[in-house]
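1. predicted model, plus sequence, below.
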Amino acid sequence: MAHAHSVKRHTGLMDWLTTVDHKKIGILYLIAGALFFGIGGIEALMIRWQLIKPMNDFVSAQTFNELITMHGTTMIFLGVMPLIFALMNAVVPLQIGARDVAFPFLNSLGFWTFLFGGILLNISWMMGGAPDAGWTAYTPLSTTAYSGTHGVDFYTVGLQIAGLGTLIGGINFLATVITMRAPGMTFMRMPMFTWTAFITSAIILFAFPAITVGLVLLSFDRILGANFFEVSNGGNPVLWQHIFWIFGHPEVYILILPAFGVISDVIPTFARKRLFGYSSMVFATILIAFLGFMVWAHHMFTTGMGPVANALFSISTMLIAVPTGIKIFNWLFTLWGGQIRFTSANLYASGFIPTFVMGGVTGVMLASAPADYQFHDTYFVVAHFHYVIVGGLVLGLFSGLHYWWPKMFGRVLDEKLGKIGFWFFIIGFHLTFFVQHFLGLMGMQRRIFTYLPGQGFDTLNLVSTVGALMMGVGVLVFLLNVVVTTRRPADAPNDPWEDGRTLEWSIPSPPPEYNFKQTPLVRGLDAYWKEKMAGHTEMTPAEPVGPIHMPSASILPFVMSVGIFVAGLGFMYHQYLVVGLGLIVTFVCMAIRSLYDDHGWHIDPEETTEKGVKA
Amino acid sequence: MKRLLPLFAGLVLLLSACGREDLSALRPQGPVAQGQFDLMKLSIAIMIVVLLIVFGIAAYVWVRFRRRPGQTDIPEQVEGNFKLEVLWTVIPLVLVLILGVATVQKVFSYGENYWNDKNAVKVKVTSHQFWWEFNYPDYGVTTAQDLVIPTGKKIAFQLKTADVLHSFWVPSLAGKTDTNPEGAINNAWFTADKEGVYLGKCAELCGQSHGLMEFKVKAVSQASFDSWVKAMKEPVAMPEDKATAEVFKNQCLTCHAIGSEGGPSAPNLTGIGGRESVASILINGTDGTAKENLKTWLEDPQAVKPGNKMPNPKKDLKLTDEQIDAIADYLANSKLKTQ
Amino acid sequence: MSAPHAEQVTSALPHEPEKATLEGRNKVLAFWLFLGGESVLFGTLFATFLALREQIADGPSADELFKLPTVAAATFILLVSSLTSVFAIQAMHKGNRKSLSLWLIVTVILGLGFLGLEIYEFAEYVNHEKFGMTTSAFSSAFYTLVGFHGAHVLFGVVWISLLIGQLAKKGLTVVTAPKIYVSAMYWHFIDVVWVFIFTVVYLLGKVG
């Protein structure tokens, strides 16, 4: 090579702070997401403990409102979304036969901004109180007149920063899927997980800017004294609801589509059968994403939008059931005639199908506006969205984690512990949330810190709390599994499930830094399966062995995120000098990135002939 | 389908047994809640069919197509099946349309505005952190916490809030309607068929005591309603003891009103001794509890309803125990003169 | 995806240097995506403004406030700057670095002129019309929408200035060309946004 650059390679902590390798960033997302998931889970258990009996005083009303706000916000923005990004980072480039994402530097920047946004939001607990206006932060409750602490400021600024990271990640994955596919990997040959990652990224791109604006408006009202939601000066609180849900509903599909993708990859592998109706799956995914932008006002049926709007949004919402139904039946008919192996990953996927369908049917019930006048803001809704998000997404995530764990870490998770964890989690889940449907119908509103005895709520709430504890045990068993497995040797083969169908199973577990020694040639859907059926043991290469270009590691994304963090903190406390300082740090980093060209470095062919350079 | 009918019947029975008659959305006590319950039953029925089909197929494939030990052959790789795929696109579409038609019909019927209907009883509802104000513009009567209505009549509501968003919900009579600030006032209506006391709740997170922001709907005969209105307009006696009357006027009536006296910014106290509860959650039972409840409230309002706006009578208003006792006694005995 | 990496392009600059490398093409694509997100951002701001534009509380109304001559001048300046950035890209495609730098400098100067007018306008409103961020819902929506656009112009001016410097130091290469190209895309985008602001905020404020 004419100018092979010598590159300083970092080790230890510095390696993790500067890495631009999508596999390592995936692990970072996994760790950070798991941390916040744990915090959100503890908050959930505290909520359930408070509600275990009527007129309980385990926490105060104020603390309870902070708990529900932080539980919702943390789980959605800082728990499950990063876990989705963890899987996307770990898997998507491998599935399309790429050596990295389109923008490794941005990938790192997206992670660090997300992380610092999440940290900012969570330090509110130690800085005068967490946000207390619900994760929806409806105005005027979330304005300074009714929420006097800095809590909601932490919410607006923290989410703004974390959201920036998500948006960067979304754009990156869109570009990656569009331009980085291996030769022969046409759109209609992409694995379903990649498809859903792609569509989810598109939804992120078009939904997140709306909440960006919403959060700007709310923080301007709170910090600069603007009047967007201040009725006495002409503001309009209902405007917030529209902006929030124009983002908020697509967000639901941002969350659930990747779970659909995981299930669509796991089921064919363990049924040893190709996905039934692949094209209709792709079509259904796109349709769901599209319809997802047309239904936001079904969260506002009781706001008083009038019968015409309510009727229209009812119908558009119900229509989403159709593409979702297509998916369910396609999964069932993938299993039909297959040879199903119930590994932990497939157990979670199997648990997903009935559980998610239950969440789906209550969704259709909620779509019927006049009935929703009864359901709205009760535990029926709480049950519904937990069936969708936990019973759908979280089961999907656990399925995906068990499935791709060997690819990420080179070790197969312990199957026995995996199954024990599964049964605790799913039984606990149904105990917790099934009874909540009835609580809601019997008149229990959501977000109440306690309830009077004698209303018929007592037993069901106790059952619900017991279920929540079981879910907690399930998660602990998973953690134990991770610890136990990590102490074992990393000896997972390329294709530990033996029936892997997609490209990631054709390379070592974990893959070398450069993923593919030679970019593979893709000859059909389920590229690796196709080669195996043709009697090959590995992919046909699309290029000769040659030097591999790699992007340089960089500390700049980390520093930029620190800068944004500092600026955000300063803004909340009206310290504009601090804001300026933080922004200068960020912008100077941007300028440095622009001024000094990153030529990357190369891995020579001799190095790759070994088992692979150390990843 | 025929075989499923008894199942549905059983299910409906089960649902109807759920919860208290005066609280549960599953035990409707008026036409609006009844219609909404009918819609729920229709949607639940459709959804149960869907669930049974999905669960049935799932259970079958899980059992039938498990991999047997040593099985190494490759199953047929089915790409799809056009007919099947059309089938499970069209059937859900039809089911959704059935529900859709029923939905649209009811959306418009419950969206009717009866505010200008001569036969309707009009009530202006104003929600506050954390209590409810009910004003009857036709009768010039204002009350709090207990909404008194005649049975069999359409009650037309205009709803708004004085502070943050709340939501007005009487599960056994009708679904909820949000109370927005001035400028986005909502209308709603319901009817109670039978006499009785129904539980109402705030259904939109509104601050610390959101969960305790309840109210009661008292449905009474037309005659009792008329006499209630009449009694509400009669003058209310002040405390007999001069000193107590002085304290009550200077400390309580700056915010509260009773009869024709006092201010509008806190709950109206007219006839408070005869209400169902104190502060909506201290339930008044047989004689004597009303006074006890009032004392509990006056001792420390924050302990009963955290975050409420009432100053602490002892700490902020410097009332003595004796004064609190006297005021509680007066209020507990301040009842309406209804026949 | 067989496009060469940046350092592999050594021969003379191709006709469209911004798309000569994989990195360059990725950059242009991602920037289109980014502008898609930006459209939603401004769309939401416009929707907010439209919802609140009549809510003037005790403050002045749009009709009382706006002076079209200043705004028209600002519009003209920004439109011309869009044209000059087109000239810059044309020069880039011809491989004419000097002409490219010159047009970029003109673009930056025009951008600064626009910013100057906007700052002057805001200062007038705040100081003489008692029309600040906190005056009314209309004022909040106005300053947020127009201010966001102004901040975008400011960012663009700094960015393009930085690129002019790079161009002088590194020359026109397959590395610098995509940067200049996307900065021009950005500049057109904020120009289009301004056309909407001029229509929706100012003209509608005067007429409607």
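-> Now that the structure is in, tell me what you want to look at.

2. burial measure for the residue lying closest to A:Phe333 once chain neighbours are set aside, as a count.
-> Closest residue to A:Phe333 apart from its sequence neighbours, by C-beta to C-beta, 6 or more residues apart in numbering or on different chains: A:Phe276 at 4.2 Å. Every C-beta, even on glycine, is put in place using the N, C-alpha and C of the backbone. Number of residues near A:Phe276 (other C-beta atoms under 10 Å in any protein chain shown) recorded here: 28.

3. over to A:Phe276. Which of the three states is it?
-> What DSSP: H, G, I helix; E, B strand; the rest coil gives for A:Phe276 is coil.

4. quick check: it touching A:Ile328?
-> No. Using C-beta atoms under 8 Å, A:Phe276 makes no contact with A:Ile328, being 11.2 Å away.

5. for the residue nearest to A:Phe333, what are its contacts?
-> Listed by C-beta atoms under 8 Å, 6 or more residues apart in numbering or on different chains, the contact partners of A:Phe276 are A:330-331, A:333-334, A:336, B:78-81.

6. can you rerun that using 7 Å?
-> By C-beta atoms under 7 Å, 6 or more residues apart in numbering or on different chains, the contact set of A:Phe276 is A:330, A:333-334, B:78, B:80.

7. so of those residues, which ones are in strands?
-> Judged by DSSP state E, the subset of these located in strands is empty.

8. can I get these in TSV with distance to C:Gly36, pLDDT and neighbour count?
-> Shown next, in TSV, are these (distance: C-beta to C-beta, whole Å; pLDDT from 0 to 100; neighbours: other C-beta atoms under 10 Å in any protein chain shown):
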residue	distance to C:Gly36	pLDDT	neighbour count
A:Asn330	30	96	23
A:Phe333	36	96	22
A:Thr334	34	96	25
B:Val78	38	91	16
B:Gly80	32	90	18
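
9. about what we covered before: the residue nearest to A:Phe333 and A:Trp245: what is the separation?
-> 34 Å (C-beta to C-beta, to the nearest Å).

10. likewise for A:Phe187?
-> 31 Å.

11. the more surrounded of the two?
-> A:Trp245 (22 against 12).

12. and that one, that's in a helix?
-> Yes. Counting by three-state DSSP, A:Trp245 is found in a helix.

13. residue contacts, it?
-> Contacts of A:Trp245 by C-beta under 7 Å, 6+ apart are A:296-297, A:299-300.

14. got a quick ChimeraX command for the buried subset of these?
-> Provided next is the ChimeraX selection string for whichever of the contacts of A:Trp245 are buried by 16 or more other C-beta atoms under 10 Å in any protein chain shown:
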select /A:296,297,299,300
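
15. now B:Ile98: closest residue in space that isn't a chain neighbour?
-> Per C-beta to C-beta, 6+ apart, closest to B:Ile98 is B:Ile46, 6.9 Å.

16. please report how far that neighbour lies from chain C.
-> 36 Å (C-beta to the nearest C-beta, to the nearest Å).

17. show me what the helix or strand that residue falls within is packed against.
-> B:Ile46 belongs to helix B:31-64 when assigned by DSSP states H and E. Judged by 3 or more C-beta pairs under 7 Å, 6 or more residues apart in numbering or on different chains; DSSP states H and E, the packing partners of helix B:31-64 are helix A:321-335, helix A:344-367, helix A:369-375, helix B:82-110, strand B:174-179.

18. show me where the stretch 501-615 of chain A has its helices.
-> Counting by DSSP state H, counting those that start in this stretch, the stretch 501-615 of chain A has these helices, from start to end: A:527-533, A:556-572, A:576-595, A:605-609.

19. let me have the ones you listed in a markdown table, extended by mean neighbour count and distance to C:Phe198.
-> As requested, the helices of the stretch 501-615 of chain A are exported to a markdown table (neighbours: other C-beta atoms under 10 Å in any protein chain shown; distance: least, C-beta to C-beta, whole Å):
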| stretch | mean neighbour count | distance to C:Phe198 |
| --- | --- | --- |
| helix A:527-533 | 21 | 52 |
| helix A:556-572 | 22 | 30 |
| helix A:576-595 | 16 | 29 |
| helix A:605-609 | 13 | 57 |
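
20. C:Leu204: which of these is closest?
-> helix A:556-572 (31.7 Å; C-beta to C-beta).

21. is that closest one in proximity to chain C?
-> No. Figure legend: helix A:556-572 not in contact with chain C (C-beta under 7 Å from any C-beta of the partner chain); closest approach 13.9 Å.

22. centre of the chain to that helix, how far?
-> Taking C-alpha atoms, centre = their mean, to the nearest Å, one finds the center of helix A:556-572 at 23 Å from the center of the full chain.

23. does the helix ranked longest in chain C come close to chain A?
-> Taking DSSP state H as the criterion, chain C has its longest helix at helix C:137-170. Yes. Helix C:137-170 reaches chain A (C-beta under 7 Å from any C-beta) through C:137-138, C:140-141, C:144, C:162, C:166.

24. out of those residues, which is nearest to chain B?
-> C:Ala137 (11.0 Å; C-beta to the nearest C-beta).

25. flag every residue of the stretch 101-250 of chain B that's near chain A.
-> Going by C-beta under 7 Å from any C-beta, the residues of the stretch 101-250 of chain B near chain A are B:103-104, B:106-108, B:110-111, B:163-165, B:167, B:171, B:175-178, B:180-184, B:186, B:199, B:201, B:203-211.

26. run through the chain and note the low-pLDDT ranges.
-> All of this refers to chain A. Within chain A, the stretches with pLDDT under 70 are A:1-8, A:609-615.

27. ah, no, chain C please
-> Looking along chain C with the criterion set at pLDDT under 70, you get C:1-12, C:208.

28. which residue does it have closest to chain A?
-> C:Gln55 (2.7 Å).
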